[in-house]
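1. kindly generate the corresponding structure for this input.
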Amino acid sequence: MGSLQLKSIRKAYGTHDVLKGIDLEVKDGEFVIFVGPSGCGKSTLLRSIAGLEDVTSGAVLINGTDVTVTPPAKRGISMVFQSYALYPHLTVKDNMGLGLKQAGTAKDEIDNRVEKASSMLSLAPYLARRPAELSGGQRQRVAIGRAIVREPELFLFDEPLSNLDAALRVQTRLEIARLHRSLRATMIYVTHDQVEAMTLADKIVVMNAGAIEQIGSPMELYNRPANIFVAGFIGSPQMNFIPAEKLEQSGAKIVGIRPEHITLSREQGTWAAKVIHVEHLGADTIIYLESDQTGLLTVRLFGEHKYEPDDTVYATPDTGHMHRFDENDQAIRA
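-> Numbering: from 1, shown residues only. I've put the predicted structure just below:
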């Protein structure tokens, strides 16, 4: 479908660098997600790929062709935004086919593409409706369908699920995953939600302050974070970070352990602690502890567990899943 290469992409507003020399390669058919906190530059990077932002320096290549100064309409991309941006006076069918109509595509071809896309997205029963007659999830599917009918080289998604409620987010996320498998298309997707990133991506690009912290598969980032920032951003609840000196760990500044890699006992264990809060989530129980040896500690236990505030417990880490970080916050590899 389409490959992408970014070479030293820099975007500055005056003296303020928003993107600080981004290098990235996306292979044909990959689903790549840019993730990071608000203001890290991920949406600016996506808009630079689309041509909606002019880059200060560097090059954007799509299928090996330099499109750095090519207008957005000629880059072979389709973009789905956070807002649906549907025309309220047009039907679903007309909204989906409008871009093709404006490009002079033959009516029969437009009809064929709209029919195919609406079938993929279960929109066929709604083609005669207008946006006001649709739910939020249906409107988002129309916006995705409008992108599909253009048969682009790249699909770009800018936080497409953020306006949906929790149930619709899950449903639409599944539809996007299924769509990627069906189209075998190259997709680049921006989100601040690490759950979306972990569940959808072939490859995740973790960004922070205009730079890339790490690129890898979801489980590579989870199991082998490159630094403290990635370790703390990927995983929910967040990884526990403990000063190495408290654990007598030589050669490291910080030791990290994920909440799910700690067990609890009322009788014995590595760290004596007091329960300060418990969250009962049904499938999981999240327990917050205070320990003289570690400070604040978060533990995630699978299933329902009967702990109460002020209970005395013992926490034991799985030492095989401990992460060690040096004075520059970089991971120390064994």
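2. tell me the centre residue of the chain?
-> The residue lying closest to the centre of the chain (C-alpha atoms, centre = their mean) is residue 197, at 3.1 Å.
3. A helix includes that one, no?
-> Yes. Counting by DSSP: H, G, I helix; E, B strand; the rest coil, one finds residue 197 located in a helix.
4. wait, it touches residue 217, no?
-> No. At 10.9 Å, residue 197 does not count as touching residue 217 under the criterion of C-beta atoms under 8 Å. Any C-beta I mention is one placed from the backbone N, CA and C, and that applies to glycine too.
5. quick one on the thing from earlier: show me what contacts the residue nearest to the centre of the chain?
-> Residue 197 makes contact with 33, 35, 191, 204, 218 under the criterion C-beta atoms under 8 Å, 6 or more residues apart in numbering.
6. how does it look with 10 Å?
-> Going by C-beta atoms under 10 Å, 6 or more residues apart in numbering, residue 197 touches 32-36, 189-191, 203-206, 218, 221, 233-234.
7. narrow the residues you listed to those in strands?
-> 32, 33, 34, 35, 189, 190, 191, 203, 204, 205, 206 (DSSP state E).
8. in CSV: those, plus neighbour count and distance to residue 266.
-> Output for those, formatted as CSV (neighbours: other C-beta atoms under 10 Å; distance: C-beta to C-beta, whole Å):
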residue, neighbour count, distance to residue 266
32, 22, 46
33, 25, 41
34, 27, 44
35, 25, 38
189, 26, 44
190, 24, 45
191, 24, 40
203, 19, 43
204, 28, 38
205, 24, 43
206, 26, 38
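9. tabulate these (a markdown table), appending distance to residue 269 and pLDDT.
-> Below are the ones in strands among the contacts of residue 197 laid out as a markdown table (distance: C-beta to C-beta, whole Å; pLDDT from 0 to 100):
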| residue | distance to residue 269 | pLDDT |
| --- | --- | --- |
| 32 | 41 | 97 |
| 33 | 37 | 97 |
| 34 | 40 | 97 |
| 35 | 34 | 95 |
| 189 | 41 | 95 |
| 190 | 42 | 94 |
| 191 | 37 | 92 |
| 203 | 38 | 97 |
| 204 | 34 | 97 |
| 205 | 38 | 97 |
| 206 | 33 | 97 |
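10. which one of those residues sits closest to residue 124?
-> residue 189 (25.4 Å; C-beta to C-beta).
11. domain-wise, how is the protein divided?
-> The chain breaks down by automatic domain parsing into domains covering 4-230, 241-325.
12. what about this structure, any weak spots by pLDDT?
-> For the chain, applying pLDDT under 70 flags the ranges 1.
13. for it, which helix is longest?
-> helix 166-183 (DSSP state H).
14. return it as PDB; C-alpha atoms alone will do.
-> Extracted in PDB, the C-alpha atoms of helix 166-183 (Å, rounded to 0.1, in the frame of the first residue of the first chain):
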ATOM      1  CA  ALA A 166     -15.700   4.000  26.800                       C
ATOM      2  CA  ALA A 167     -17.900   1.200  25.300                       C
ATOM      3  CA  LEU A 168     -17.800   2.800  21.800                       C
ATOM      4  CA  ARG A 169     -14.000   3.300  22.000                       C
ATOM      5  CA  VAL A 170     -13.500  -0.500  22.500                       C
ATOM      6  CA  GLN A 171     -16.000  -1.300  19.700                       C
ATOM      7  CA  THR A 172     -14.400   1.200  17.200                       C
ATOM      8  CA  ARG A 173     -10.900   0.100  18.200                       C
ATOM      9  CA  LEU A 174     -11.900  -3.500  17.200                       C
ATOM     10  CA  GLU A 175     -13.300  -2.200  13.900                       C
ATOM     11  CA  ILE A 176     -10.100  -0.300  13.100                       C
ATOM     12  CA  ALA A 177      -8.000  -3.500  13.900                       C
ATOM     13  CA  ARG A 178     -10.200  -5.600  11.700                       C
ATOM     14  CA  LEU A 179     -10.100  -2.900   8.900                       C
ATOM     15  CA  HIS A 180      -6.300  -3.000   9.000                       C
ATOM     16  CA  ARG A 181      -6.200  -6.700   8.600                       C
ATOM     17  CA  SER A 182      -8.800  -6.500   5.800                       C
ATOM     18  CA  LEU A 183      -7.200  -3.700   3.800                       C
END
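15. got the angle for it vs strand 31-35?
-> Counting by axes from the mean of the first three to the mean of the last three C-alpha atoms, to 10 degrees, helix 166-183 lies at 140 degrees to strand 31-35.
16. where exactly do the helices run in the stretch 201-334 of the chain?
-> For the stretch 201-334 of the chain, the helices defined by DSSP state H, counting those that start in this stretch cover 218-223, 228-233.
17. phi first, then psi, for the residue located most distally from the centre of the chain.
-> Residue farthest from the centre of the chain, counting by C-alpha atoms, centre = their mean, is residue 267 at 40.6 Å. Main-chain torsions, residue 267, degrees, to the nearest 10: phi -100, psi -50.
18. burial count for the residue nearest to it when sequence neighbours are not counted?
-> Counting by C-beta to C-beta, 6 or more residues apart in numbering, residue 314 is the residue found nearest to residue 267 once chain neighbours are left out, at 7.0 Å. The number of residues packed near residue 314 is 17, by other C-beta atoms under 10 Å.
19. now the one 4 residues further on
-> Residues near residue 318, counting by other C-beta under 10 Å, number 12.
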